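Enquirer: coords please:
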Amino acid sequence: MSEEHIAVIVGAARTPTGKFLGGLASFTAPQLGALVIKEAVRRSGIAPDAIDEVIMGNVVSAGVGQSPARQAAIHSGLPVDIPAFTVNKVCGSGLKAVMLAAQAIRAGDEQAFVAGGMESMSNAPYLLTKARTGYRMGNGEIVDAVVHDGLWCAFENIHMGNEAEIIAEKFGVTREEQDRFSLRSHQKAAEATAAGRFKEEIVPVEVKQKKGTVVVENDEPIRGDSTMDTLTKLMPAFQEGGTVTAGNAPGLSDGASATVVVERDFAKANGLTELARITGYAASAITPRYIFAAPTIAVKRLLERTGLRIGDFDLIEVNEAFAAQALANGQQDGAPYLQFDRLVA
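Expert: Got it, this is the predicted structure:
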């Protein structure tokens, strides 16, 4: 990465993760985005009018309204003359927003960005896809936008859960391995919550209800009381005789996060505290049915670009879409690849 323009993160905030139809269900994605943009900017200490652009990821945009990122930016209180745009790269949308900010800084185009992601699966609508032209005769189908826009492979015409089954079979990941990984994942999350490790990064959300205001300040989907006995009793969720269940698959969630990404010299000149430096990034793609094997390709590209090795990293974070995916990413060519003692999933 060029030393001329270095991208650094000087502020960050996230909402708690809300369960589907849970504590954050009354907020749209842009409303959640506005909360974290406002808080990330406040924490960073940057002057709001010094921000050049806002970039926010959002996947299920049906019914959200025009320009979700700009909605979030304006409702956060940022000046209306700051532009914004929305990124849709499915699970990678928020991270891609951060990468785009870093790339623009590296290119010398701008100096300060807010970048992140926002989603409200609870507010995704149902669609009548033929209503505009008419049904003429026969029954119609109501399409769930959460599944259609976020969880359904447009190329293989199957659910993401089925593609998790494909990757489990390809890499020989067993049901027991998936259940044990899921159990430990929830246990670690519960332990971290109890120890207050997420407290600093979370902005509590006030939810107005008929009986008063409720504050949501902890991640709701964590199942700290889960057991192997409970997990092993669950039926396969996507195919008969399969290994992917509701216990080792991801839940539907609501939430948002944002970072303030600026050029390093700009941070120094404005007295902003550098939390992290972005030293590299890479993207990858693969045959759609093997989507969950793509992360290791991106990792290899990143290592090639930076000249680093996996062993050089003290901590590795991998998006845990399904336990099958995380476990498959943990091996390469039949050998351990992403060591799980250093993995945050």
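Enquirer: When you work out contacts or count neighbours from here on, use the C-alpha atoms and nothing else.
Expert: OK.
Enquirer: wait, isn't residue 273 in contact with residue 44?
Expert: Yes. The pair residue 273 and residue 44 qualifies as a contact (CA atoms under 8 Å) at a distance of 7.3 Å.
Enquirer: Between these two, which contacts overlap?
Expert: Residues touching both residue 273 and residue 44 by CA atoms under 8 Å, 6 or more residues apart in numbering: residue 10.
Enquirer: Among these two, which residue is more densely surrounded?
Expert: Taking other CA atoms under 10 Å, residue 273 and residue 44 do not tie; residue 44 has more neighbours (22 against 17).
Enquirer: tell me the contacts of the more buried one?
Expert: For residue 44, the contact set (CA under 8 Å, 6+ apart) comprises 10-12, 260, 272-273.
Enquirer: Could you tell me how far it is located from residue 69?
Expert: With distances taken as CA to CA, to the nearest Å, residue 44 is found 20 Å from residue 69.
Enquirer: cool, and residue 236?
Expert: Where residue 69 is concerned, residue 236 sits at a distance of 37 Å (CA to CA).
Enquirer: circling back: tell me which two in the contacts of residue 44 are the farthest apart.
Expert: Maximum pairwise distance among these (CA to CA): 12.6 Å, between 12 and 272.
Enquirer: Please identify which of these two sits among more neighbours.
Expert: Using other CA under 10 Å, the more surrounded residue of residue 12 and residue 272 is residue 12, with 26 against 19.
Enquirer: gap between the helix or strand hosting residue 299 and the chain center?
Expert: For residue 299, the host element (DSSP states H and E) is helix 294-306. Helix 294-306 sits 19 Å away from the centroid of its parent chain (CA atoms, centre = their mean, to the nearest Å).
Enquirer: Number the residues from 24 up from this point.
Expert: Got it, first residue is 24 now, which makes that one helix 317-329.
Enquirer: Run through the neighbouring helices and strands of that helix.
Expert: Other helices and strands packing on helix 317-329, by 3 or more CA pairs under 8 Å, 6 or more residues apart in numbering; DSSP states H and E, are absent; none qualifies.
Enquirer: Return the set of buried residues in it.
Expert: Buried residues in helix 317-329, counted by 16 or more other CA atoms under 10 Å: 317-326.
Enquirer: can you check stretch 159-176 too?
Expert: Those would be 168-176, for stretch 159-176 by 16+ other CA under 10 Å.
Enquirer: what comes up buried for stretch 105-122?
Expert: Buried residues in stretch 105-122, defined by neighbour count with 16+ other CA under 10 Å: 105, 107-111, 114-122.
Enquirer: Mind telling me the two of those farthest from one another?
Expert: Greatest spatial distance in the buried residues of stretch 105-122: 105 and 114, 25.9 Å, computed using CA to CA.
Enquirer: Verify the assumption that residue 142 is located in a helix.
Expert: No. Counting by DSSP: H, G, I helix; E, B strand; the rest coil, residue 142 falls outside a helix, being strand.
Enquirer: Among the contacts of residue 67, which lie within strands?
Expert: Counting by DSSP state E, the part of those found in strands is 33-35, 283.
Enquirer: remind me which residues of the stretch 74-223 of the chain are low pLDDT?
Expert: Along the stretch 74-223 of the chain, the model assigns pLDDT under 70 to no residue.
Enquirer: which stretches of it form strands?
Expert: Here the stretch 74-223 of the chain has its strands, by DSSP state E, counting those that start in this stretch, at 76-80, 107-110, 135-143, 149-150, 166-167, 175-176, 181-182.
Enquirer: Same question for the stretch 224-368 of the chain.
Expert: For the stretch 224-368 of the chain, applying DSSP E, counting those that start in this stretch gives strands covering 228-232, 235-239, 276-286, 299-301, 339-340, 354-355, 358-359, 366-367.
Enquirer: got the buried residues for the longest one?
Expert: In other words, strand 276-286. 276-286.
Enquirer: Can you tell me which of the residues you listed is closest to residue 222?
Expert: Using CA to CA, the buried residues of strand 276-286 come closest to residue 222 at residue 280, 13.9 Å.
Enquirer: Could you measure from the closest residue to the closest one other than its chain neighbours over to residue 268?
Expert: In space, and not counting its chain neighbours, residue 280 is closest to residue 37: 4.0 Å by CA to CA, 6 or more residues apart in numbering. Using CA to CA, one gets 28 Å for the distance from residue 37 to residue 268.
Enquirer: got it, and residue 162?
Expert: Relative to residue 268, residue 162 is positioned 31 Å away (CA to CA).
Enquirer: Repeat that for residue 150.
Expert: To residue 268, residue 150 is 27 Å away according to CA to CA.
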